[in-house]
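Colleague: my questions are about this predicted structure, shown below with the sequence.
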Amino acid sequence: GAVVSQHPSWVICKSGTSVKIECRSLDFQATTMFWYRQFPKQSLMLMATSNEGSKATYEQGVEKDKFLINHASLTLSTLTVTSAHPEDSSFYICSARADPGLLTDTQYFGPGTRLTVL
Amino acid sequence: GIQVEQSPPDLILQEGANSTLRCNFSDSVNNLQWFHQNPWGQLINLFYIPSGTKQNGRLSATTVATERYSLLYISSSQTTDSGVYFCALPPIGATNKLIFGTGTLLAVQP
């Protein structure tokens, strides 16, 4: 149980285009999903927290207009990188947290999406 | 904010060796998790261990919350244990988030 998928697993795009990444909880309902960013040989950095049906909460320093997050249902959150630039190239990872009481209070992670902006 | 430091940063082992990874944190916590990030980037939950000791096969973890550290033990290491090990815990006042430690890069050689 507690499987999280991400799509696509990798994407290459031209500078100036937008890229959408999907995160799905496959076998549980996720009231909260999280988006992380990881640069090579570095740790995960939390970008934002999204709750189903409400606006995402962004961490300090993360541009909300550049990284659009939508959590339209209890099993799907999307991250759209708008007007992508080469410095946005990174490994993006989502996680999902189930409703406490149904599962232990842990986050379950997707396999990640590697974004390369040319 | 809370600081999470892991040691060692890098570790090379011969297959079959044992190792101990350490996670130090700067404030009291009520939720600590250990993860293994495999070479393809997938994060795998190892332990949810806010306190005490847990074991799962060749892995075990101990958290001493009062002294603000947690240890991950790997026994009889295998090449498939290679990857990065992270501890993660919530920042003060935001128990639904996780702040990741600096990580330990483990390479197990045959």
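Modeller: Noted; the coordinates are in hand.
Colleague: ok, which stretches of chain A are strands?
Modeller: When secondary structure is read from DSSP state E, chain A shows strands at A:4-7, A:10-13, A:19-25, A:30-38, A:44-51, A:57-58, A:67-73, A:76-81, A:90-98, A:107-109, A:113-117.
Colleague: the shortest one pairs with which strands?
Modeller: When sheet partners are counted by DSSP bridges, strand A:57-58 sits next to strand A:44-51 (antiparallel).
Colleague: next, the angle from the partner strand to strand A:67-73.
Modeller: Counting by axes from the mean of the first three to the mean of the last three C-alpha atoms, to 10 degrees, strand A:44-51 lies at 40 degrees to strand A:67-73.
Colleague: what about strand A:44-51, average pLDDT?
Modeller: Rounded to a whole number, the mean pLDDT of strand A:44-51 is 92.
Colleague: report how many residues lie close to the closest residue to chain B within chain A.
Modeller: In chain A, the residue that lies nearest chain B is A:Phe109 (3.9 Å; C-beta to the nearest C-beta). In this view, the C-beta of every residue, glycine as well, is placed from N, C-alpha and C. By the measure other C-beta atoms under 10 Å in any protein chain shown, the count of residues near A:Phe109 is 24.
Colleague: which parts of chain B sit against chain A?
Modeller: Applying C-beta under 8 Å from any C-beta of the partner chain, one finds that chain B approaches chain A through B:31, B:33, B:35, B:40-45, B:48, B:86, B:88, B:96-103, B:105.
Colleague: now, of those, which are buried?
Modeller: B:31, B:33, B:35, B:41, B:43, B:86, B:88, B:97-103, B:105 (16 or more other C-beta atoms under 10 Å in any protein chain shown).
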